[in-house]
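Peer 1: no FASTA, just this:
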């Protein structure tokens, strides 16, 4: 190594450290609403530094593919980020995450190929890192695509179970172990590596398919940390400090975020991931068949005019938004309705369940888009006592998060999940498209409560009718 | 072996830093945080550039090319979409209570 090259390598290493520090500061700032945006920018600056330094690397023989690849990927990414509707955010994050996982798998595969070709054998340290990168990256890649499909409605949202689920997964895991051992002992070559990689891809599909659509936020968050770990593994294989630090940061913070999300649903992570495995009868057959028998009960239909009168003469209204509001893009209408009500002296608050929508904070983002003031948004703990003094709870496209079965029905799959106590207010108006069950796939006994009224229809159209009706009063 | 120990040290410390920096995030920022950290693991594009740069056969180059494309999508899409989300928060004069 010439001194000049040594200096260049040291300079690059130092720049990578600067980038890593910017990533840490960026994530730190992302944790507070005041600094979040600048935190994201700091991280982007760190990324730019790392990219520029990498492009100056002397070992790069040809720039053609790299330049074209960056241009195409950058354009696609920018286009997707600008065009995506706020409601489709979870899907986009899943896809972006899958891209990262795929890239990590590609890097691991090529490094394996490089080592085999240049030295004939892969040293154990690099070998383990490469196999971890290919395995975790592969799972993240296909798992994210399945998660995207479930969120987008391309695949069924339901928890799909298939015969011999456990034996199949056991066999695949055994195959991974055997192949991995052979590869580490350098007793098998590139074909075995490709099979190993193929099994990882298959495992990603099989692991996510049995998980219901309602749990996709948790899955995306977990796969996010997987991609981070795959990136760190690639960093070990390439001895690249910024890959290790950035990947590990995301792996650790993503894991923590996943745990926080599970806590909000009051379910252990194992239950989310493997709930549909084995004991399928409770989840699948349990639809509506909990301890509460709802057969013979009926729901009460109500007109927009009646609801408008009720709202306008209420003292206190609590809006409970859910995914239905997001799909219908009703957030702007809801704010307009709230403004009208406030002008009439009604107190309007929003109750945000931690898992409302498809991602934590999903509702907050949507309502912020519609300029709903922060002070009107309340967490579950802050608002649940207020339902007792509330005249009308307006449930817009939410379902499972207000299902009282979570409090008392031990048979219910959502038993134990903290819910918004909408049933404690004087009147409950539920705006829904149909009687279709929510994401958890279970009936909601709240709809059959005597004080509950159903306003059927698309949330945006219904809110529009309510606005017109309130104005006409 | 020294290189491995160095890498391991960094790895272990980064785990603790990762847990420490996000321990106090309000729920409303969970989505931007997920998408922001999602953008950060787009750093894998650096790895993709390095392995593509040392490619010596057309096949390896093209596979590397796919890696660069995927990594670049992750980076650019991730940061832009996070910024778009946070832009909507930034308009508010008051920060929410945690």
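Peer 2: Thanks, I have it. Remember, it's a predicted structure, so these values are computed and weren't measured experimentally.
Peer 1: endpoints of stretch B:50-58, how far apart?
Peer 2: Stretch B:50-58 has an end-to-end distance of 15 Å (CA to CA, to the nearest Å).
Peer 1: buried ones in that stretch?
Peer 2: Using 16 or more other CB atoms under 10 Å in any protein chain shown as the test for burial, stretch B:50-58 gives B:50, B:51, B:52, B:53, B:54, B:55. C-beta coordinates here come from the backbone N, C-alpha and C atoms, glycine included.
Peer 1: how many neighbours does the nearest residue to residue B:31 once chain neighbours are set aside have?
Peer 2: Spatial nearest neighbour of residue B:31, chain neighbours left out: residue A:361 (4.0 Å); criterion: CB to CB, 6 or more residues apart in numbering or on different chains. Applying other CB atoms under 10 Å in any protein chain shown, we find 26 residues neighbouring residue A:361.
Peer 1: so how far is stretch A:367-381 off the chain centroid?
Peer 2: 20 Å (CA atoms, centre = their mean, to the nearest Å).
Peer 1: quickly find the element holding the spatially most central residue of chain B.
Peer 2: The residue lying closest to the centre of chain B (CA atoms, centre = their mean) is residue B:40, at 1.4 Å. Assigned by DSSP states H and E, residue B:40 belongs to helix B:30-40.
Peer 1: could you list the low-pLDDT ranges of chain B?
Peer 2: B:1, B:24, B:27, B:89-98 (pLDDT under 70).
Peer 1: longest helix of it?
Peer 2: In chain B, with assignment by DSSP state H, the single longest helix is helix B:58-90.
Peer 1: what angle do it and helix B:30-40 make?
Peer 2: Orientation of helix B:58-90 against helix B:30-40 (axes from the mean of the first three to the mean of the last three CA atoms, to 10 degrees) gives an angle of 150 degrees.
Peer 1: how about the residue nearest to the centre of chain B, what does it touch?
Peer 2: Residue B:40 makes contact with A:23, A:26, A:27, A:43, A:47, A:228, A:246, A:249, A:250, B:78, according to CB atoms under 8 Å, 6 or more residues apart in numbering or on different chains.
Peer 1: whichever residue of the stretch 51-200 of chain A sits closest to chain B: neighbour count?
Peer 2: Nearest residue of the stretch 51-200 of chain A to chain B: residue A:73, at 2.6 Å (CB to the nearest CB). Neighbour count for residue A:73, taken as other CB under 10 Å: 28.
Peer 1: now swap in residue A:119 and tell me
Peer 2: For residue A:119, using other CB under 10 Å, the count is 10.
Peer 1: in contact with it, which residues?
Peer 2: Residue A:119 neighbours (CB under 8 Å, 6+ apart): none.
Peer 1: model confidence for it, exactly?
Peer 2: On pLDDT, residue A:119 comes in at 84.
Peer 1: what's the answer for residue A:434, then?
Peer 2: Predicted confidence (pLDDT) for residue A:434: 78.
Peer 1: any idea how far residue A:324 lies from chain B?
Peer 2: 18 Å (CB to the nearest CB, to the nearest Å).
Peer 1: grab the nearest non-local neighbour of that residue.
Peer 2: residue A:397 (1.7 Å).
Peer 1: wait, that neighbour touches residue A:320, no?
Peer 2: No. Using CB atoms under 8 Å, residue A:397 is not in contact with residue A:320; the gap is 9.1 Å.
Peer 1: which of the two has more neighbours?
Peer 2: Each of residue A:397 and residue A:320 has its neighbours counted (other CB under 10 Å); residue A:320 has more, 28 against 25.
Peer 1: can you pull the contacts of that one?
Peer 2: Neighbour list for residue A:320: A:350-351, A:353, A:356, A:393-396, A:398, A:401-402, A:420, A:422 [criterion: CB under 8 Å, 6+ apart].
Peer 1: residue A:421 too?
Peer 2: A:384, A:387, A:388 are the contacts of residue A:421 under CB under 8 Å, 6+ apart.
Peer 1: one more time with 10 Å
Peer 2: By CB atoms under 10 Å, 6 or more residues apart in numbering or on different chains, the residues touching residue A:421 are A:318, A:351, A:380, A:383-388, A:390, A:393, A:402, A:404, A:407.
Peer 1: show me the residues you listed that map onto strands.
Peer 2: Among the contacts of residue A:421, the members found in strands (DSSP state E) are A:318, A:351, A:393.
Peer 1: for the stretch 351-473 of chain A, what lies in contact range of chain B?
Peer 2: Contacts of the stretch 351-473 of chain A with chain B, taken as CB under 10 Å from any CB of the partner chain, map to A:352-355, A:357-375, A:377-380, A:382.
Peer 1: if you set the cut-off to 6 Å instead, what comes out?
Peer 2: Proximity of the stretch 351-473 of chain A to chain B, by CB under 6 Å from any CB of the partner chain, involves residues A:354, A:359, A:360, A:361, A:362, A:364, A:365, A:368, A:369, A:374.
Peer 1: what about residue A:298, neighbour count?
Peer 2: Residues near residue A:298, counting by other CB under 10 Å: 8.
Peer 1: now it: closest residue in space, sequence neighbours ignored.
Peer 2: residue A:448 (7.2 Å).
Peer 1: what's the burial count for the one you found?
Peer 2: 16.
Peer 1: again with residue A:116
Peer 2: With other CB under 10 Å as criterion, residue A:116 counts 16.
Peer 1: which strand or helix spans the nearest residue to residue A:35 once chain neighbours are set aside?
Peer 2: Among residues not flanking residue A:35 along the chain, residue A:29 sits closest, at 4.0 Å (CB to CB, 6+ apart). Using DSSP H and E, residue A:29 falls within helix A:3-30.
Peer 1: list the buried ones in that helix?
Peer 2: A:12, A:15-16, A:19-20, A:22-30.
Peer 1: want to throw the buried residues of stretch B:50-58 into a markdown table with distance to residue A:94 and secondary structure?
Peer 2: Shown next, in a markdown table, are the buried residues of stretch B:50-58 (distance: CB to CB, whole Å; DSSP: H, G, I helix; E, B strand; the rest coil):
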| residue | distance to residue A:94 | secondary structure |
| --- | --- | --- |
| B:50 | 27 | helix |
| B:51 | 25 | helix |
| B:52 | 25 | helix |
| B:53 | 30 | helix |
| B:54 | 31 | coil |
| B:55 | 30 | coil |
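Peer 1: just give me the closest of these to residue A:305.
Peer 2: The shortest gap between residue A:305 and any of those belongs to residue B:52, at 64.2 Å (CB to CB).
Peer 1: can stretch A:238-254 be found next to chain B?
Peer 2: Yes. Applying CB under 6 Å from any CB, one finds that stretch A:238-254 is in contact with chain B at A:238, A:239, A:243, A:244, A:245, A:246, A:247, A:248, A:249, A:250, A:252, A:253.
Peer 1: just the ones of those in helices?
Peer 2: Those of these lying in helices (DSSP H): A:238, A:243, A:244, A:245, A:246, A:247, A:248, A:249, A:250, A:252, A:253.
Peer 1: contacts for stretch B:55-66?
Peer 2: Residues from elsewhere that reach stretch B:55-66 (CB atoms under 6 Å, 6 or more residues apart in numbering or on different chains): A:65, A:69, A:106, A:110, B:51, B:52.
Peer 1: what about the residue lying closest to the second one once chain neighbours are set aside, neighbour count?
Peer 2: In space, residue A:69 comes closest to residue B:68 once its chain neighbours are excluded; the distance is 3.1 Å by CB to CB, 6+ apart. With neighbours defined by other CB under 10 Å, the count for residue B:68 comes to 29.
Peer 1: do you know how far residue B:68 is from residue B:77?
Peer 2: For residue B:68, the distance to residue B:77 equals 14 Å [CB to CB, to the nearest Å].
Peer 1: one step back: tell me which two in the buried residues of stretch B:50-58 are the farthest apart.
Peer 2: Checking those with CB to CB, the most distant pair is B:50 and B:55, at 10.1 Å.
Peer 1: contact partners for residue A:449?
Peer 2: With CB under 6 Å, 6+ apart, residue A:449 has these contacts: residue A:423.
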